[in-house]
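**Q** return atomic coordinates for the entry below.
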Amino acid sequence: MKTLWLSNVLRILHNLKQYSGEKHFLAVSTPKQVEQCLRNFDLSEYRRVIADIAIWMYQGITKLMEEEVQPLLVPAILEHEGIGGISSDKSGRSHGNPNDNGVHVDPAEALDKLIRLLTRFHGIFAKHGLDPEIISQIFKQNFYFICTTALNNLLLRRDMCHWSRGMQIRYNVAQLEEWAREKKVHDVDGTKGQVIDSLAPIIQASQLLQVRVTVLFIIGRVLRNTEYALAVKLPVLSAYFPVMV
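**A** Residues are numbered from 1 along each chain as shown. The predicted structure follows:
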């Protein structure tokens with residue numbers, strides 16, 4: 001329901017802008033639309049109120065999405081083993097992850113469930129006619145939440161810091177990237193990669209785990225790329241060193 005109302009509110013907001021008579025909006029209007037513009041009314045105050053309502057609805061949708069995907073993130077991104085034949089778990093099995101209600105989520109099914117959930121959200125947005133730019137922005141924020149949640153859990157679990165786990169995580173994240181490309185939410189106003197770039201920190205962490213070389217060489221690579229060094233790479237390295245020794 002919030003999606004429907006957000007779509008309607010945005011349409012009202014667009015109409016108020018289009019027919020406001022302001023010069024920067026007239027520049028992208030047709031001659032017929034220019035004739036229909038308001039000439040004796042200033043609706044700028046109403047636009048601000050409606051814009052605030054749209055932002056409130058947008059935040060409600062993103063919050064709801066975060067609550068629904070959160071129980072699936074650790075088993076889907078960190079524990080799911082999509083590549084057969086390699087595992088860092090000495091027991092040879094995945095432990096899974098109970099959600100807030102204590103319900104067990106099987107890592108073998110978690111990634112498929114996560115992708116189906118994202119597909120359901122995308123279908124709802126498209127059905128209610130949300131602008132493609134808004135849909136992409138919503139998923140960009142959702143992917144950022146997925147990335148930060150997975151990365152924070154990775155840094156807290158030393159048992160995950162292994163080269164084989166890095167390969168599994170990279171594979172799992174790649175499925176999300178492929179989904180974004182398939183649904184065309186990765187391209188906003190011609191700026192490719194805007195949405196999937198939100199996954200960059202977890203991708204870099206997974207790639208770092210796969211580097212099976214000397215500690216000195218790893219540190220050298222970290223120092224050459226400092227964008228995520230302090231926030232991401234150094235904590236991962238501190239957990240990874242005991243595995244390498």
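
**Q** buried ones in stretch 11-24?
**A** Buried residues in stretch 11-24, counted by 16 or more other Cβ atoms under 10 Å: 13, 16-21. (Each C-beta comes from the backbone N, C-alpha and C, glycine too.)

**Q** and those, which is closest to Tyr144?
**A** The closest of the buried residues of stretch 11-24 to Tyr144 turns out to be Leu13 (Cβ to Cβ; 24.8 Å).

**Q** the closest one sits in which helix or strand?
**A** Assessed by DSSP states H and E, Leu13 sits inside helix 2-18.

**Q** and for that helix, what are the contacting residues?
**A** With contacts defined as Cβ atoms under 8 Å, 6 or more residues apart in numbering, helix 2-18 is touched by 25, 29, 33, 43, 46-47, 50-51, 53-54, 57-58, 60-61, 64, 124-125, 128-131, 134.

**Q** residues in contact with the spatially most central residue of the chain?
**A** For the chain, the residue nearest the mean C-alpha position is Phe143 (0.7 Å; Cα atoms, centre = their mean). Shown in contact with Phe143 (Cβ under 8 Å, 6+ apart): 176, 180, 195-196, 198-199.

**Q** most neighbours, which of those?
**A** Val195 (28 neighbours; other Cβ atoms under 10 Å).

**Q** and the closest residue to it other than its chain neighbours, what's its pLDDT?
**A** Nearest non-adjacent residue to Val195, counting by Cβ to Cβ, 6 or more residues apart in numbering: Lys140, 4.5 Å away. Reported pLDDT at Lys140 in the predicted model: 92.

**Q** ok, then the element right after the helix or strand bottoming out on mean pLDDT in the chain?
**A** Lowest mean confidence among the helices and strands of the chain (mean pLDDT, DSSP states H and E): strand 191-192, at a mean of 50. Per DSSP H and E, strand 191-192 leads on to helix 200-209 as the next helix or strand towards the C-terminus.

**Q** which residues of the protein score low on pLDDT?
**A** 21, 24-29, 34, 87-103, 186-193, 212-245 (pLDDT under 70).

**Q** go with 80
**A** Scanning the chain for pLDDT under 80 picks out 1, 15, 17-44, 84-104, 161, 186-194, 210-245.

**Q** buried residues of the lengthiest helix in it, list them for me.
**A** In the chain, assigned by DSSP state H, the helix with the most residues is helix 44-73. For helix 44-73, the neighbour count (16+ other Cβ under 10 Å) marks 50, 54, 57-58, 61-62, 65, 69, 71-73 as buried.

**Q** perfect, I'm done here.
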